[in-house]
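Participant: Test case, fold it:
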Amino acid sequence: MEASGIETGASTIRTGLPSFSRAFNMLVASEAAAGADNSFKNEEDDFFIPSYLENSTYVQKLQEAHKAKVQARDTTRNSTNGFSHGFSHGSTTSFNQHPLPPGSHRGMSHTVIERPPASEVDDDLAPLPARWNKEDQMPGIEVQSNGLDVKHIGPKNQNDRDHEACGIRADHYMPPQCGIYYFEVHILSTKRDDATISIGFSTKIAGLSRPVGWEPESWGYHGDDGRCFTGQNIGRHFGPSYNANDVVGCGVNFKENHAFFTKNGVKIGTAFHDVARGKLYPTISLKKPGDYIRANFGQTPFVYNIDDQMREERDRVHKAIQATDGSTLLAGLSETDLIQNLVLQFLQHDGYVETARAFAEDMVQQKNALNFDSNTEYTCVGLRDDEDANNRQRIRRAILEGDVDRALKYTNAYYPQVLQENEHVYFRLRCRKFIELVRKAAQLNMRNEPNGNKHANNQTMDVDLNGSENTSWETDGSDNATELAELEHSMLEYGQKLQEEYANDPRVEVSRALNEIWALVAYQNPLKEPQVSHLLDRNGRVTVAEELNSAILLSLGKSSRAALETIYAQSSVLLDDLRQDGGEGAFASVSDVLDGIPQPYQN
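Facilitator: Next up is the predicted model:
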């Protein structure tokens, strides 16, 4: 069984960012990054993902929100510390030593966040339970420093002696959006053959002075007699009793609306049906001094194989989805024809003219190959030579090749009103040009390093499918040094001009973007710095190209989004709605479909 708790990461602030481009690319890239690092940790934060929730869309959102908060805090820390680390080692690299133009500054150091800051992250995301809540307990028990161990230490006064038990709830409720939530309790110590310990869950309304399950809006499984209770002290026989060294698990299936328990890795069965909707907190109660338990909310592997149970639920939902008849989605088109038309429209919409034409021809060849009627022959669908599509393709290619000036030239020539009417897109293009200047300078800088070589790492030497870096590496050291000095001077002058042009802009997003990109010059080589290297990733080009393409389409009276993107967006929203109460949407996501697509073989 794989480890359930995954504690990742580094002790520094250098946490990875998912790449950020168009809808599909963002999804695939971010999940690939998440797969490589399922949790992370720094000096102030612990974040874990229980193994059975690794594929949960809800938990992936929690992870992104947590990253945003960590990065926002690190941004504040960097702002306080300034750029001291960028100059502290007597670097001989001109990237840091180049004099700044008069009146300029090296800006503020900001961790690159191409997403809303922590304050703007969805506040409806409830964290997973992670520890016992010292503020929600009865006197007489003590929570240990790890937040997971609870020990009954006995009453301190007469009032405490009147309590029938001492209960405590977890710090957060079990999010229904997970579909299934599960935790375990290890009985470390109790009176032999008389375990007066109760394990279950409750709402905030339930009292904690009696065993869990006896109070209204509480559900519990008791160790002394193996009975289960729900809202009253008259229970029913359920399973075996449990004692010291036993591990008891409690799970809630929000889709089926029932709760189950396990003992020592074996599922006992369903204890409660028709569990009330609401905020349900993991809860335990101890009755006698010496009772001692340890909770596991997913930080470490579970004894019970909850991963398989979750996988079975997901498989059931996926089979139901696959069984859906798609032949009636659009009259006159089979499911295959519909999908092919969606792909073709997507290619045309995004300006992939040659690819769209080749795809259309391939569609015709396939149909003719499967056509047994000699009197019928399919011909290529009429892909008219759309000049706007050709123009958009030229603009897109220029951006993807890192040539922002050429993209601006084409845009002003073909669609002069677009940049005037979409100032935010123009600003993004200007920022991207500065990034490309920094990127090229950093690559030349790496070339000049003693151990530099022509085949630097993938981050440095990546080449777009639609173009190249337009960087010639076949030069001697003196030529490189001269070119680097000139490039850095141009870069700093352009950055200063950009800062001055938007210095009085009141928009927060503008100042944030300027601080982020200007922070690049603080580092000896930003391509090697995890804090900022993601800003130099070529996926950023795709983001800008898509924004400009959408603005052009809107100016032409067309939709800014392809039909395939609309379907994707609508499906995601519908699944979000379906998972709110733990329904089928908690066990499915659009990414599941994408993950099931066979990947092309790569040597």
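Participant: which intervals of the stretch 151-300 of the chain have sub-threshold pLDDT?
Facilitator: 156-162, 192-195 (pLDDT under 70).
Participant: if you set the cut-off to 80 instead, what comes out?
Facilitator: 155-163, 191-195 (pLDDT under 80).
Participant: For it, just list every one of the strands.
Facilitator: 166-170, 180-189, 197-202, 218-222, 227-230, 236-237, 247-253, 258-263, 266-273, 281-286, 292-296 (DSSP state E, counting those that start in this stretch).
Participant: out of those, nearest to Ala358?
Facilitator: Distance to Ala358, taken as Cβ to Cβ, is lowest for strand 180-189 among those, at 45.6 Å. Placement of C-beta: from N, CA and C, glycine included.
Participant: Give me the secondary structure label for the residue positioned nearest the centre of the chain.
Facilitator: Central residue of the chain (Cα atoms, centre = their mean): Glu64, 4.1 Å from the mean position. Put simply, Glu64 is helix when judged by DSSP: H, G, I helix; E, B strand; the rest coil.
Participant: mind listing what the nearest residue to Glu313 once chain neighbours are set aside touches?
Facilitator: Leaving aside its chain neighbours, Glu313 sits nearest to Phe587 (5.2 Å; criterion: Cβ to Cβ, 6 or more residues apart in numbering). Phe587 is in contact with Gly179, Lys255, Met310, Glu313, Arg314, Arg316, Val317, His318, counting by Cβ atoms under 8 Å, 6 or more residues apart in numbering.
Participant: can you tell me how far the first one sits from Gln60?
Facilitator: To tie it back to what came earlier, the one meant is Gly179. For Gly179, the distance to Gln60 equals 13 Å [Cβ to Cβ, to the nearest Å].
Participant: And these two? Which one has more around it.
Facilitator: Gly179 (28 against 21; other Cβ atoms under 10 Å).
Participant: Run through the residues that contact that one.
Facilitator: Ser56, Asn253, Phe254, Lys255, Met310, Glu313, Arg579, Gly582, Ala586, Phe587.
Participant: got the domain boundaries for this protein?
Facilitator: Listed by automatic domain parsing, the domain ranges of the chain are 132-319, 334-385, 387-555.
Participant: how about those domains in a markdown table, adding distance to Ala569?
Facilitator: Converted to a markdown table, those look like this (distance: least, Cβ to Cβ, whole Å):
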| stretch | distance to Ala569 |
| --- | --- |
| domain 132-319 | 19 |
| domain 334-385 | 13 |
| domain 387-555 | 13 |
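Participant: Ranking these by mean neighbour count, which comes first?
Facilitator: domain 132-319 (a mean of 19; mean count of other Cβ atoms under 10 Å).
Participant: what about that one, how long is it end to end?
Facilitator: 38 Å (Cα to Cα, to the nearest Å).
Participant: what about the strands in the stretch 351-500 of the chain?
Facilitator: When secondary structure is read from DSSP E, counting those that start in this stretch, the stretch 351-500 of the chain shows no strands.
Participant: Where does pLDDT dip in it?
Facilitator: 351, 353, 367-386, 445-481.
Participant: What are the boundaries of the helices in it?
Facilitator: Secondary structure of the stretch 351-500 of the chain (DSSP state H, counting those that start in this stretch): helices located at 353-369, 387-400, 404-414, 416-421, 423-448, 458-461, 477-501.
Participant: Can you report phi and psi for the residue nearest to Glu313?
Facilitator: phi -110, psi 10 (degrees, to the nearest 10).
Participant: State the pLDDT value of it.
Facilitator: On pLDDT, Phe587 comes in at 91.
Participant: Give me the below-cutoff pLDDT ranges for the stretch 501-603 of the chain.
Facilitator: Checking the stretch 501-603 of the chain against pLDDT under 80 turns up 524, 531, 592-603.
Participant: Just confirm Leu333 is within a strand.
Facilitator: No - assigned with three-state DSSP, Leu333 falls outside any strand and is coil.
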